[in-house]
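Q: show me how the following folds:
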Amino acid sequence: MEQTVHVDLDDRAYDVVVGPGLIAQAGQRILPFLGKRRRVAVLTDETVAALHLEHLRAGLAAEGIEMEALALPPGESTKGWPQFTRAVEWLLDKKVERNDVVIAFGGGVIGDLAGFAAAVLRRGVRFVQIPTSLLAQVDSSVGGKTGINAPQGKNLIGAFHQPTLVLADTEVLGTLEPRDFLSGYGEVVKYGLLGDADFFSWLEKNGPKLTAGDMETRVQAVARSVQMKADIVVRDETEQGDRALLNLGHTFCHALESATGYSDRLLHGEGVAIGCALAFELSARLGMCSQEDPSRVRQHLKSMNMKTDLADIPGELPDAQALLDLMAQDKKVLDGQLRFILARGIGEAFVTADVPTETVHQILQEALALRSH
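A: Modelled structure (predicted):
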């Protein structure tokens, strides 16, 4: 059932292993990358630590690997300077050397923060990603983007630092809250929408099995998503062109996350799902894809009980102009121009800066108007 995706980046190439039971095998998988010292430093969060840390300790101990761990508070607010500083200083206190391995054991927040800590520690130490959320398994653990948030916006401080190995244990997904699992599913759907219509059709058919916990379906969905991301990363590691396609739905999403204060009012994958629906709406409005496409996207997301509209976000939201201003803070702004990822159809995304602001404003205004009904 296990599948391996190879990310072919020359001397920085690595494998992403997808399948059940990988945490129990962590020792034998990581041992080849350790020098004489059989020890690792683990960065995790308190929620993951309570559920899985002893399991990881046992998996490492089976090969005589000692583990020291620091558990940070869970949640997006951890991804800032205070906890980052704490993590780096802890790693220095533990005398982590260049040939040692730091393990990122958690969701996207921990993966991003631990990866960035590994990137800057002694100008770069190796790290292994063991992602414990669906979102992290299909997205943030692959591709070497690491970083933390600034008051000015998400992920504005960071570095490209590829992992040495990624172990995506699909068994762990069974311990996720349904809402967290579906948040990750937002990123899975994104891969079908941006570059693989057949995968999207497969998800329309197999989505319910996926949420019900069918292991084979889960392995297949994670591996397919990772393969798509790996192919794009290999073509464009530092996001000069193609890699921007992975941000389908994210320009809207990041503005909405900022507007909701990066709180649990809106989880990242929920924002991606709403963002993808809006991106297809915008594409149809500009005559780039058929009117049926946005309906099909929304229909599938709704059938999976996911958020699809601004009306699904609880609490107050700023007006259309304020949301547009937040979008202008995005990292995809180039020479002052906001770039959008739009689609000519399902599975056919492309990057463009040629989007009339008034059309975006209009779509946001209409979406906000639906909230007040």
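
Q: give the residue spans of the protein that score low on pLDDT.
A: Where the chain drops to pLDDT under 70, the residues are 330-336, 373.

Q: can you pull out the helices in it?
A: In the chain, helices defined by DSSP state H lie at 26-30, 46-61, 81-93, 108-120, 134-135, 178-195, 197-212, 215-235, 250-259, 268-285, 292-303, 320-327, 357-371, listed in chain order.

Q: against which helices or strands is the third one packed?
A: Other helices and strands packing on helix 81-93, by 3 or more CB pairs under 8 Å, 6 or more residues apart in numbering; DSSP states H and E, are strand 39-45, strand 66-72, helix 108-120. Using the backbone N, CA and C atoms, a C-beta is placed for each residue, glycine as well.

Q: touching it from outside, list them.
A: 41, 43, 70, 72-73, 102, 113-114, 116-117, 120-121, 148 (CB atoms under 8 Å, 6 or more residues apart in numbering).

Q: swap in the last one?
A: Taking CB under 8 Å, 6+ apart as the criterion, the residues outside helix 357-371 that touch it are 278, 281-282, 285-286, 309-311, 313, 317, 319-321, 323-324, 327, 340.

Q: mind redoing it with 7 Å?
A: 278, 281-282, 285-286, 309-311, 317, 319-321, 323-324 (CB atoms under 7 Å, 6 or more residues apart in numbering).

Q: what does the fifth one give?
A: Counting by CB under 7 Å, 6+ apart, the neighbours of helix 134-135 from elsewhere in the structure are 107, 108, 173, 176, 181, 183, 184, 185, 187, 268, 269.

Q: of those, closest to residue 8?
A: For those, the minimum distance to residue 8 (CB to CB) is 22.0 Å, reached by residue 187.

Q: which residue packs closest to the closest one, ignoring adjacent ones?
A: Among residues not flanking residue 187 along the chain, residue 139 sits closest, at 4.6 Å (CB to CB, 6 or more residues apart in numbering).

Q: follow-up on the earlier one: looking at the helices and strands packed on helix 81-93, which is buried most?
A: helix 108-120 (a mean of 26; mean count of other CB atoms under 10 Å).

Q: next, the angle from it to strand 66-72.
A: 120 degrees (axes from the mean of the first three to the mean of the last three CA atoms, to 10 degrees).

Q: quick one: list the elements packing against helix 108-120.
A: strand 39-45, helix 81-93, strand 101-106, strand 126-131, strand 145-150, strand 153-160 (3 or more CB pairs under 7 Å, 6 or more residues apart in numbering; DSSP states H and E).

Q: and residue 200, how far from residue 186?
A: 13 Å (CB to CB, to the nearest Å).
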